[in-house]
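[1] Okay, predicted coordinates and the sequence, questions at the end:
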Amino acid sequence: MVEFVKPFAERGSAIVEILGVGIIVLFSFYSLGLAAFRLLQGRSGDPLFREARQKLGRGILVGLEFLVAADIIHTVAVDLSFQTVGVLSLIVLIRTFLSFTLEMELTGKWPWQNQES
């Protein structure tokens, strides 16, 4: 049974990882293109920079979620060992830290803080 699932998990993990990278790349181009378009419309200054940064940051957050999911699929379904679980733990820890700090940068609040505060 394990050998039957392993090829599907490997392909699934690769597809999810490609999606994560693609999302980050697409949002990078989107935020840059939108900023250039708004600049040509005559908008400039801090609001333009903030908007482009917000869009890029949101794309990075979504892409990171896909990359974490791909790592979890690969570790659990393909290569389960104490070493890979340890590496996965470090990867998830680093990406979670990145997600929290990006959220703080984008909203000015930690993810667990109430939106109304």
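    Happy to help now that I have it.

[2] make it CA atoms for all contacts and neighbour counts henceforth
    OK.

[3] tell me what whichever strand or helix holds Leu98 is packed against?
    Using DSSP states H and E, Leu98 sits within helix 82-107. Judged by 3 or more C-alpha pairs under 8 Å, 6 or more residues apart in numbering; DSSP states H and E, helix 82-107 is in contact with helix 46-73.

[4] in the helix it packs on, what counts as buried?
    48, 52-73 (16 or more other C-alpha atoms under 10 Å).

[5] Stretch 91-98 now?
    Quick answer for stretch 91-98 (16+ other C-alpha under 10 Å): Ile91, Val92, Arg95, Thr96.

[6] now, among those, which is nearest to Gly33?
    Closest to Gly33 out of the buried residues of stretch 91-98 is Arg95 (26.4 Å), distances taken as C-alpha to C-alpha.

[7] can you tell me how far the closest residue to that closest one other than its chain neighbours sits from Glu3?
    Spatial nearest neighbour of Arg95, chain neighbours left out: Leu64 (6.8 Å); criterion: C-alpha to C-alpha, 6 or more residues apart in numbering. Distance, Leu64 to Glu3, by C-alpha to C-alpha, to the nearest Å: 29 Å.

[8] Ok, Val62 next?
    From Val62 to Glu3 the distance is 31 Å (C-alpha to C-alpha).

[9] now swap in Ala35 and tell me
    The value you get for Ala35 to Glu3, if C-alpha to C-alpha is used, is 48 Å.

[10] Next: Ala52.
    Taking C-alpha to C-alpha, one finds Ala52 at 46 Å from Glu3.

[11] any idea how far the residue nearest to Arg95 lies from Pro7?
    24 Å.

[12] Sort out which residues of stretch 95-113 are buried, please.
    Neighbour counts using 16+ other C-alpha under 10 Å place Arg95, Thr96, Ser99, Phe100, Thr101, Leu102, Glu103, Leu106 of stretch 95-113 among the buried residues.

[13] Adding pLDDT and distance to Ser28, write those out as JSON lines.
    As requested, these are exported to JSON lines (pLDDT from 0 to 100; distance: C-alpha to C-alpha, whole Å):
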{"residue": "Arg95", "pLDDT": "82", "distance to Ser28": "18"}
{"residue": "Thr96", "pLDDT": "83", "distance to Ser28": "20"}
{"residue": "Ser99", "pLDDT": "81", "distance to Ser28": "17"}
{"residue": "Phe100", "pLDDT": "82", "distance to Ser28": "19"}
{"residue": "Thr101", "pLDDT": "84", "distance to Ser28": "18"}
{"residue": "Leu102", "pLDDT": "82", "distance to Ser28": "15"}
{"residue": "Glu103", "pLDDT": "79", "distance to Ser28": "17"}
{"residue": "Leu106", "pLDDT": "79", "distance to Ser28": "15"}
